[in-house]
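Novice: A predicted structure for the sequence below; I have some questions about it.
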2 protein chains.
Amino acid sequence: MNTAPSTRTQVKRGANKASYDPAVLHAIVDAAYICQVAFADAHGVHCIPTACWRGGDSLYIHGSNGSRMLQCLTAQDCCVTIVHLDGLVLARSAFSHTMNYRSAMVYGRFEVVGEPAKRQALEAFMEHLAPGRQAQVRPGNDKEYAATTVLRIPLAEAVCKVRSGPPADDEEDMGIAAWAGVLPLAQARGTPVPDPQCAVPAPEHVLAWATS
Amino acid sequence: MNTAPSTRTQVKRGANKASYDPAVLHAIVDAAYICQVAFADAHGVHCIPTACWRGGDSLYIHGSNGSRMLQCLTAQDCCVTIVHLDGLVLARSAFSHTMNYRSAMVYGRFEVVGEPAKRQALEAFMEHLAPGRQAQVRPGNDKEYAATTVLRIPLAEAVCKVRSGPPADDEEDMGIAAWAGVLPLAQARGTPVPDPQCAVPAPEHVLAWATS
């Protein structure tokens, strides 16, 4: 399962960190709320962050029908990148310093998700953001759904790169009397902040936020 | 200070969230350890995460001389993006949900940083990662510096987009009995993890990590 699906997903540098395992890819996508989408238009190359979620073997994004990015994406291949930074890796020599991370790059072309799959996809997005919340809010109406485009890209042509663990100094640097190790970084959840105009008690998915 | 420096940095959607203030841009870059660089080559558009730091009015990246990305970047314009996700914004209607974030997009072309500025830039990078550490480790030797390319891009053609605060439901949705507010997210520092082979006591910059 460690064979690149295409030329552009073949990792050349740090190839020992590469993975083409769908389980690794799915875990990286599922841990993300946003991705970066790189594409080109007449003004050059752009890299735009946008919310994302996974459905089966596809990554989904959404936006207004008027979005220039969404209009571009069905007409050309693009690159979608997700990265989770897990720590700074402090080595005994300056040039052996590195970072721990989990990253995924997905190549391919987005396609428009039509009805009724569009509604199901947006409900899945809400479930990804706040499990159980869909039933508590005003659902989208026909006008809102009609003004919104949902796109999906297959998670087929993709590559992950993962580094974890302690520094890897060269043998001749192991005697240097510098502290070596990892300074961990992680995405942390803070205490929910109610809207000042909200008098509704926090539901289960909000109460569970900071502790889950 | 809220005038776009170019056509491609002119925000069309959510223009009220756009900022062209250098102080906002500098704060977003300084809070980042990594950026995403979007560029194109014969295989298409790519979006590659890489470490970054700021020096004056430039953003710096580095890598091996053999890096295909670094070789491409001095021959074409690119887009560098940084995003910090600050929270999920839960509104009373499904389609008013959004996220709080601070993002920056920088357009332009990287240039090679020559000696002696290259050494100073890499020392500044170490200072960004771990203040005070430079003097404790084995510094780079001539061979290591020679094998490394440092690039910088001006922070001139750039746009930031920032959202913060509570949800903004439409007036007619304010009576809906759903909890509304923000589920905060932040990059958190964990307890330093010493290399199992390290017997050196943690220095000040390591002790300060989890509490600073």
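Specialist: Received the coordinates, thanks. What you see is a predicted model; the values in this text were computed from it and never measured.

Novice: for the top helix by length along chain A, packing partners?
Specialist: Taking DSSP state H as the criterion, chain A has its longest helix at helix A:117-129. Judged by 3 or more C-beta pairs under 8 Å, 6 or more residues apart in numbering or on different chains; DSSP states H and E, helix A:117-129 is in contact with strand A:53-55, strand A:58-64, helix A:142-146, strand A:148-154. Placement of C-beta: from N, CA and C, glycine included.

Novice: Checking my notes, residue A:37 in a strand, right?
Specialist: Yes - the assignment for residue A:37 by DSSP: H, G, I helix; E, B strand; the rest coil puts it in a strand.

Novice: Was I right to think it contacts residue A:78?
Specialist: Yes - counting by C-beta atoms under 8 Å, residue A:37 sits close enough to residue A:78 to count as a contact (5.8 Å).

Novice: Neighbour count: these two, which is higher?
Specialist: When residue A:37 and residue A:78 are compared for neighbours, residue A:37 comes out ahead with 30 against 24, by other C-beta atoms under 10 Å in any protein chain shown.

Novice: ok, the more buried one - contacts?
Specialist: Going by C-beta atoms under 8 Å, 6 or more residues apart in numbering or on different chains, residue A:37 touches A:47, A:48, A:49, A:50, A:61, A:69, A:73, A:78, A:79, A:80, B:47.

Novice: is the fifth one in a bridge, and if so with what?
Specialist: Spelled out, that is residue A:61. For residue A:61, the beta-bridge partners are residue A:151 (DSSP bridges).

Novice: so what strands line up beside the longest strand along chain A?
Specialist: Selection of the longest strand in chain A by residue count, based on DSSP state E, yields strand A:78-90. Partner strands and pairing direction for strand A:78-90 (DSSP bridges) are strand A:34-41 (antiparallel), strand A:98-108 (antiparallel), strand A:181-189 (antiparallel).

Novice: In TSV, list those strands along with mean pLDDT and distance to residue B:186.
Specialist: Formatted as TSV, these follow (pLDDT from 0 to 100; distance: least, C-beta to C-beta, whole Å):
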stretch	mean pLDDT	distance to residue B:186
strand A:34-41	97	14
strand A:98-108	98	18
strand A:181-189	97	5
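
Novice: Show me the one of the ones you listed that comes nearest residue A:28.
Specialist: Using C-beta to C-beta as the criterion, the shortest distance between residue A:28 and the strands paired with strand A:78-90 is 4.4 Å, found for strand A:98-108.

Novice: The closest one versus helix B:117-129: what angle between them?
Specialist: Counting by axes from the mean of the first three to the mean of the last three C-alpha atoms, to 10 degrees, strand A:98-108 lies at 100 degrees to helix B:117-129.

Novice: got the contact list for the helix or strand just after strand A:98-108?
Specialist: From strand A:98-108 onward toward the C-terminus, using DSSP states H and E, the following helix or strand is strand A:111-112. Outside strand A:111-112, the residues that touch it by C-beta under 8 Å, 6+ apart are A:74, A:149, A:150, A:151, A:152, A:153.

Novice: helix, strand or coil for the residue of chain A most remote from its centre?
Specialist: Distance to the chain centre peaks in chain A at residue A:175, reaching 39.2 Å (criterion: C-alpha atoms, centre = their mean). Residue A:175 falls in the coil class when you classify it by three-state DSSP.
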